[in-house]
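J.: Any chance you could fold what I've pasted below:
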Amino acid sequence: MTARTEGAAATGGTIRVLVVDDQMMVREGFSVLLNAMPGIEVIGEAVDGRQAIAQVAALRPDVVLMDIRMPELNGIEATREIVAADSAAKVLVLTTFDLDEYVYQALRAGASGFLLKDASARQLADGVRVVASGEALLAPTVTKRLISEFSRLSDTPRQPSLTQLGDLTERETEVLVLIAQGLSNAEIASRLVVAESTIKTHVSRILVKLSLRDRTQAAVFAYETGLVRPG
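T.: This next block holds a predicted model:
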């Protein structure tokens with residue numbers, strides 16, 4: 001799996017969204033809200049995970065708004081298959097509770113972030129833009145708390161791979177730790193007293209060297225390898 005920067009998010013064009021939920025009212029509601037936002041277009045809907053996989057392949061969206069609990073194939077498995085296919089689409093999972101064990105499983109499967117179903121129209125649009133850009137974690141403090149909490153409950157963290165981490169410079173490893181702590185590029189730049197553009201370069205190199213899709217996956221990697229400990 002390689003870091004991908006394709007799509008509208010990388011070129012400044014309209015962000016193309018696929019909405020996946022087994023409830024028609026939820027799908028239609030999200031579609032109406034997102035289509036009313038500048039720079040965002042809902043290009044399709046899916047009622048379950050299997051249909052979502054097919055629609056991603058056919059429509060090539062930038063962002064997939066993915067419900068977790070669905071019949072036939074749930075959002076976690078659908079996310080895993082979409083990521084395994086090396087799709088450029090970023091998956092934003094929907095949940096009712098912010099500390100939902102299934103959300104952590106979805107992040108491990110390759111989702112780029114999560115959003116509560118009761119989010120406002122503005123939060124929904126901002127979430128789609130953030131995930132599409134790959135520039136920052138969605139709701140950093142909440143996402144960090146969720147990753148920290150459920151990495152306690154996951155398998156015993158393995159030791160950081162010398163092969164993988166050995167490819168990172170000392171500064172890149174430092175940046176990776178700060179990403180896992182939920183800091184934005186600007187915050188990391190301020191902490192390390194360097195230009196924000198320098199941090200963006202470090203982040204890009206980290207993603208390429210570790211074959212990660214985005215910052216959220218970098219944070220998951222840091223926790224799961226034991227580079228950063230929960231708490």
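J.: pLDDT score for the residue in the chain sticking out farthest from the centre?
T.: The centre of the chain is farthest from one residue, residue 193, which by C-alpha atoms, centre = their mean lies 27.0 Å away. Residue 193 is assigned a pLDDT of 94 by the prediction.
J.: what's the answer for residue 159, then?
T.: At residue 159 the predicted local confidence, pLDDT, stands at 57.
J.: Could you report the distance from the residue farthest from the centre of the chain to residue 95?
T.: As for residue 193, its distance to residue 95 is 37 Å (criterion: C-beta to C-beta, to the nearest Å). No exception for glycine: its C-beta is placed from N, CA and C like everyone else's.
J.: need the contact list for the residue lying closest to residue 75 once chain neighbours are set aside.
T.: Once flanking residues are discounted, residue 75 sits nearest to residue 68: 4.1 Å by C-beta to C-beta, 6 or more residues apart in numbering. Contacts here follow C-beta atoms under 8 Å, 6 or more residues apart in numbering; on that basis residue 68 touches 74-76, 93-95, 100, 102-103, 106.
J.: wait, isn't residue 186 in contact with residue 196?
T.: Yes. Assessed by C-beta atoms under 8 Å, residue 186 is found in contact with residue 196 at 5.5 Å.
J.: Any chance of the backbone angles for residue 40?
T.: phi -130, psi 140 (degrees, to the nearest 10).
J.: Would you check how far apart it and residue 16 are?
T.: Residue 40 sits 8 Å away from residue 16 when distances are taken as C-beta to C-beta.
J.: same thing with residue 177?
T.: Using C-beta to C-beta, residue 177 is found at 34 Å from residue 16.
J.: So what's the gap between the helix or strand containing residue 92 and the chain middle?
T.: Taking DSSP states H and E as the criterion, residue 92 maps to strand 90-95. Mean-position distance between strand 90-95 and its chain equals 7 Å (C-alpha atoms, centre = their mean, to the nearest Å).
J.: And the next helix or strand after that strand, what's buried?
T.: Secondary structure here is assigned by DSSP H and E; on that basis, the next helix or strand after strand 90-95 toward the C-terminus is helix 101-109. Residues 102-109 are the ones in helix 101-109 that count as buried (16 or more other C-beta atoms under 10 Å).
J.: Looking at the residues you listed, spot the one nearest residue 130.
T.: Taking C-beta to C-beta as the measure, residue 130 sits nearest to residue 107 out of those, at 14.7 Å.
J.: Can you get me a residue count around the nearest residue to the closest one once chain neighbours are set aside?
T.: Closest residue in space to residue 107, ignoring its immediate chain neighbours: residue 220 at 5.5 Å, by C-beta to C-beta, 6+ apart. The local packing count at residue 220 equals 21, with neighbours defined by other C-beta atoms under 10 Å.
J.: Okay, and residue 220 sits in which element?
T.: Counting by DSSP H and E, the secondary-structure element that holds residue 220 is helix 215-224.
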